[in-house]
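Colleague: Provide a 3D model corresponding to the input given below.
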Amino acid sequence: MPTQQSDRPFDVVLVGATGYVGALIAEYMTKSYSDNELRWAIAGRSAAKLDALKGTLGERAGRVQTIVADTADRRALDALAAQTHVVLTTVGPYAKYGSELVAACARAGTDYVDLAGEAPWIQRMIDAHQKEAEASGARIVPCCGFDSIPSDLGVLFLNDEVTKRTGAPCTAIKMRVKAMRGGASGGTIASMMHMAEDAWTDSVTRDALTNPYALNPQGERKGPRQPGLIPVTYDGDAGAWTAPFVMAAINTRVVHRSNALMNYAYGRDFKYDEAMMTGGPLLGAPAAVALAGGMGIFGLAAAFSPTRALLSTFLPKPGEGPTPEQRERGNFDLRFTGIAKNGRAFKARVTGDRDPGYGSTAKMIAEAALCLRHVDRAEVAGGFWTPASAMGQRLIPRLTEKAGLTFEMLN
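Modeller: Got it, this is the predicted structure:
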């Protein structure tokens, strides 16, 4: 039987609160929710740092509790998970620091959200803890930041709208990044470096990085051929040249897992791909070549120890981030084009009002945690889910009303 949660003191415990993104989430939750609306705590390794963070949050943080716990300490994590309905963690790379916390939540029947974009690690967690989470009632939902909420919910939104209009979902959808302003997350870069290192020696990692169905339930990890990583090409629908999008590797897998978990609501032959728009016919081509070349160089450099160490000296590190002014100037604009069964093309747009890696991500994961807290367990049982399959249309209004996102049809 699922673990009973009725007597737990907290709605949410924020793990990694003293890190850069964690502090942004704590600030957002303090400003957005009163003590009557939310019972929550901040957790981390250092009591002094937790107290210092609490001091920056103002009077409204007076009733926020602090919990000292190391992500490698099983006993401390079990105690933490037993006190809350939802764990929200920012502590990555998750392959290094996240496994014990997932296991603790699965044991305790505690719901969980994170910012992981590490497909190999997520696959390992699914295979290791799915049955335990089902038994305890824990709903584990990775990828609740810029990767992969806008992509996952954008596909859900467009397919729902097309189904209303035509009676059936799209046979294929492509997402194109029209604009994205904001620096790369140090945590995301660290995760990418770690995956590149593991790919040389670990077959599971290589499979997860090459198989678009790697995150599907066991027995469902095959399907029709997908477009894969989009090369430099001119996209007539977008009216722009495109280059590979670095987040496509995780976003596409999350979208396909959502489809599988929702009983193939998009169809078993559904196809999905992502790319980045670089400009029109004249200037877009060289920009696309330059972007694709830069990604290739980064991938090769990250694969070898000497060059990986060199990269780490000048790239952003976990815990580092932009200034408040830079976060506020950031934004993103994602365009979705879906082909209905009748051959008609439908277009949708998802936007965010802050930089994707920090400001917008902090708001997205906070709202995801609070949304999951109120999803009825009779509707969504224990196990590993995606944002779309666990929260779906419940989460979209929260993101538009609270987190600065928009979801709109363009035709």
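Colleague: Could you pull up the residues touching the residue minimising distance to the centre of the chain?
Modeller: When Cα atoms, centre = their mean is applied to the chain, the residue found nearest the centroid is C143 (2.5 Å). Contact analysis of C143 by Cβ atoms under 8 Å, 6 or more residues apart in numbering lists 114-117, 122, 149, 152, 250, 254, 386-387. For the C-beta atoms, the positions are set from N, CA and C on the backbone; glycine is no exception.
Colleague: tell me which element it is part of?
Modeller: Under DSSP states H and E, no helix or strand contains C143.
Colleague: mind listing the strands for the stretch 51-200 of the chain?
Modeller: According to DSSP state E, counting those that start in this stretch, the stretch 51-200 of the chain carries its strands in the segments 65-68, 84-89, 111-114, 139-141, 172-181.
Colleague: In CSV: those, plus mean pLDDT.
Modeller: What follows is the strands of the stretch 51-200 of the chain, written out as CSV (pLDDT from 0 to 100):
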stretch, mean pLDDT
strand 65-68, 96
strand 84-89, 98
strand 111-114, 98
strand 139-141, 98
strand 172-181, 96
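Colleague: Only the buried residues of stretch 232-252, if you could.
Modeller: 232, 235, 238, 240-252 (16 or more other Cβ atoms under 10 Å).
Colleague: With R206 as the reference, measure out to Y213.
Modeller: Y213 is 15 Å from R206, where distance means Cβ to Cβ, to the nearest Å.
Colleague: Name the residue in those two with the higher neighbour count.
Modeller: Y213 (18 against 15; other Cβ atoms under 10 Å).
Colleague: which residues sit in contact with that one?
Modeller: 220-223, 253, 256, 260.
Colleague: export those to CSV and tack on neighbour count, pLDDT and secondary structure?
Modeller: Supplementary listing: those in CSV, determined by neighbours: other Cβ atoms under 10 Å; pLDDT from 0 to 100; DSSP: H, G, I helix; E, B strand; the rest coil:
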residue, neighbour count, pLDDT, secondary structure
E220, 16, 96, coil
R221, 18, 96, coil
K222, 9, 95, coil
G223, 18, 95, coil
R253, 27, 97, helix
H256, 26, 98, helix
A260, 22, 98, helix
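Colleague: And the pLDDT at the residue of the chain positioned farthest from its centre?
Modeller: Within the chain, the residue lying farthest from the chain centre (Cα atoms, centre = their mean) is L282, at 34.2 Å. L282 carries a pLDDT score of 81 in this model.
Colleague: Quick check: the gap between it and D7.
Modeller: For L282 relative to D7 (Cβ to Cβ), the value is 65 Å.
Colleague: How about N159?
Modeller: Noted for N159: a distance of 40 Å to D7, by Cβ to Cβ.
Colleague: what's the closest non-adjacent residue to D237?
Modeller: Computed as Cβ to Cβ, 6 or more residues apart in numbering, the closest residue to D237 that is not its neighbour in sequence is T337, at 4.9 Å.
Colleague: got a list of what L53 touches?
Modeller: Listed by Cβ under 8 Å, 6+ apart, the contact set of L53 reads 17-18, 23, 26, 42.
Colleague: taking the residues you listed one by one, which sit in strands?
Modeller: Counting by DSSP state E, these place I42 in strands.
Colleague: Between the contacts of L53, which sits nearest K363?
Modeller: A26 (12.1 Å; Cβ to Cβ).
Colleague: Which residue is the nearest non-sequential neighbour of the closest one?
Modeller: Take A26 and drop its neighbours on the chain: the residue closest to it by Cβ to Cβ, 6+ apart is A17, 5.2 Å away.
Colleague: Same question for T166.
Modeller: The spatially closest residue to T166, leaving aside those adjacent along the chain, is A340, at 4.9 Å (Cβ to Cβ, 6+ apart).
Colleague: Wait, the one you found touches G167, no?
Modeller: No. Using Cβ atoms under 8 Å, A340 is not in contact with G167; the gap is 9.2 Å.
Colleague: And these two? Which one has more around it.
Modeller: A340 (19 against 10).
Colleague: Packing partners of the longest helix belonging to the chain?
Modeller: The longest helix of the chain (DSSP state H) is helix 284-303. Helices and strands touching helix 284-303, by 3 or more Cβ pairs under 8 Å, 6 or more residues apart in numbering; DSSP states H and E, are helix 186-199, strand 233-235, strand 240-243, strand 271-279, helix 305-314.
Colleague: make it 6 Å
Modeller: helix 186-199, strand 240-243, strand 271-279, helix 305-314 (3 or more Cβ pairs under 6 Å, 6 or more residues apart in numbering; DSSP states H and E).
Colleague: List the contacts of stretch 333-350.
Modeller: 150, 154, 158, 162, 166, 168, 170-179, 237, 351, 407-411 (Cβ atoms under 6 Å, 6 or more residues apart in numbering).
Colleague: what separates A119 from I140, distance-wise?
Modeller: Separation of A119 from I140 (Cβ to Cβ) stands at 15 Å.
Colleague: Check C170 too.
Modeller: As defined by Cβ to Cβ, C170 lies at a distance of 28 Å from I140.
Colleague: next one: G223
Modeller: From G223 to I140 the distance is 23 Å (Cβ to Cβ).
Colleague: Please apply the same query to L101.
Modeller: 10 Å.
Colleague: what's the answer for D78, then?
Modeller: 16 Å.
Colleague: Same check on G62?
Modeller: Distance from G62 to I140, by Cβ to Cβ: 32 Å.
Colleague: neighbour count winner among these two?
Modeller: I140 (25 against 10).
Colleague: Is the more buried one in contact with T110, as I believe?
Modeller: No. Contact criterion Cβ atoms under 6 Å: I140 and T110 do not qualify, at 9.2 Å.
Colleague: before we move on, the earlier item: between the helix or strand where the residue nearest to D237 lies and strand 172-181, how big is the angle?
Modeller: In this structure, T337 is located in strand 331-339 according to DSSP H and E. Angle of strand 331-339 versus strand 172-181, following axes from the mean of the first three to the mean of the last three Cα atoms, to 10 degrees, is 170 degrees.
Colleague: Nice, that's everything, thank you.
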